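Undergrad: no sequence on hand, only this structure:
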């Protein structure tokens, strides 16, 4: 058994300063210690996959991160780990607990199968892993190995934590609850017509600041943005459905002096709706969340989403976004974007469909993120 401080100090030595995840009793000492530490940042996620997205965005912004969760939630991370981290080559230290360890302490029945296959999941995703250290002398050699892999291969490294690996640490401070911002949201009024996706994206490209970073959700949104004007300041998500907003949050936390614009879709937002609660609590002053809502999954054949029966602007307000705007026209969307101050949610209804075949980026995901890393350094 090791003190939480010893492992966390080693992480700090290697530049890992942002921690995000979902609690497990095995992880309690880490979470408590990080929350108490004045030089570390803990972002509590509503979902393990969201935590992976937050960490990936922070890494792009220059802040190395640690993701931690219970292995019963490991399945929630498979999509972003395989289609975000592994495809874009984003390294993250992943700590998962080993609940239901075969031959270990008695545990709840829901952990039985996952306890048997936790290591196999890392293997299947081609992510190297090791058991979490239980002796102080083993911390630095293992961290050196993990960091060397993440630096050289730019992919995640996993640590599987058995029960009683870390000594207890009691939380000294308590997070102050943040009152709901209670943004005033005007109700939807009649709309004669909807702007197209490309019209909204073209407006945003025309109005962004030179140092604004743009994160576009997967599907037609990213491809249409690319078709209009490919820029080094734009990241086109692939896979990672619903993770654009969490990724944008991580980037905004790591780059507080830079405005981050997330271009989301209704299907993607609904898939990970809990991310809005995390963003609303963290309330980064430099994040603009634009939701392009055409009420269909456009890139997969136009199947209906359920956004027509969900008040997504109301959800954002209830989650703590201090400014929420329903844009009834392209002009209203432009006014909301141009005058946005602080965390802002702009809900724009758009017409479904796309004219012609949308091109896919000629650049690989690694080339897209590498040039964005270089652009971020150049525009600090």
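TA: Yes, it's here. Keep in mind that what you see is a predicted model, and the values were worked out from it rather than measured. Numbers count the residues shown, from 1 in each chain.
Undergrad: pLDDT weak spots in the stretch 101-250 of the chain?
TA: Where the stretch 101-250 of the chain drops to pLDDT under 70, the residues are 181-183.
Undergrad: now with 80, please.
TA: 174-192 (pLDDT under 80).
Undergrad: let me see the ranges of the strands in it.
TA: 129-131, 157-161, 213-216, 234-236 (DSSP state E, counting those that start in this stretch).
Undergrad: nearest to residue 254, of those?
TA: strand 213-216 (10.5 Å; Cβ to Cβ). Any C-beta I mention is one placed from the backbone N, CA and C, and that applies to glycine too.
Undergrad: packing partners for the closest one?
TA: helix 220-228, strand 234-236, helix 244-254, strand 260-265 (3 or more Cβ pairs under 8 Å, 6 or more residues apart in numbering; DSSP states H and E).
Undergrad: ok, which of the strands of the stretch 101-250 of the chain comes nearest residue 328?
TA: Of all the strands of the stretch 101-250 of the chain, strand 213-216 sits nearest to residue 328, with 22.9 Å by Cβ to Cβ.
Undergrad: direction included, what does the closest one pair up with?
TA: strand 234-236 (parallel), strand 260-265 (parallel) (DSSP bridges).
Undergrad: packed most tightly, which of those would that be?
TA: Of all the strands paired with strand 213-216, strand 260-265 has the most neighbours on average by mean count of other Cβ atoms under 10 Å, namely a mean of 28.
Undergrad: what angle do helix 244-254 and it make with each other?
TA: Orientation check (axes from the mean of the first three to the mean of the last three Cα atoms, to 10 degrees): strand 260-265 against helix 244-254 gives 170 degrees.
Undergrad: gap between strand 260-265 and the chain center?
TA: Here strand 260-265 shows a centroid-to-chain-centroid distance of 12 Å under the convention Cα atoms, centre = their mean, to the nearest Å.
Undergrad: likewise stretch 117-125?
TA: For stretch 117-125, the distance to the chain centre is 22 Å (Cα atoms, centre = their mean).
Undergrad: how about residues contacting it?
TA: 71, 74, 78, 81, 82, 86, 96, 98, 128, 129, 158, 160 (Cβ atoms under 8 Å, 6 or more residues apart in numbering).
Undergrad: what's stretch 299-316 in contact with?
TA: 183, 185, 219-220, 223, 266-267, 269-270, 273, 276, 280, 289, 291, 293, 295-297, 324-326, 345, 347, 352-353.
Undergrad: give me the buried subset of these.
TA: Buried members of those, scored by 16 or more other Cβ atoms under 10 Å, are 183, 185, 219-220, 223, 266-267, 269-270, 273, 276, 280, 289, 291, 293, 295-297, 324-326, 345, 347.
Undergrad: returning to that earlier point: in strands, which of the contacts of stretch 299-316 appear?
TA: 289, 291, 293, 296, 297, 324, 325, 326, 345, 347 (DSSP state E).
Undergrad: what about the stretch 251-380 of the chain, any weak spots by pLDDT?
TA: Confidence mapping of the stretch 251-380 of the chain against pLDDT under 80 gives the ranges 295, 298-302, 355-356.
Undergrad: would you map the helices across it?
TA: According to DSSP state H, counting those that start in this stretch, the stretch 251-380 of the chain carries its helices in the segments 266-271, 274-282, 312-318, 330-338, 365-378.
Undergrad: quick one on the thing from earlier: can you lay out the strands paired with strand 213-216 as CSV showing distance to residue 248?
TA: Listed next are the strands paired with strand 213-216 as CSV, based on distance: least, Cβ to Cβ, whole Å:
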stretch, distance to residue 248
strand 234-236, 9
strand 260-265, 4
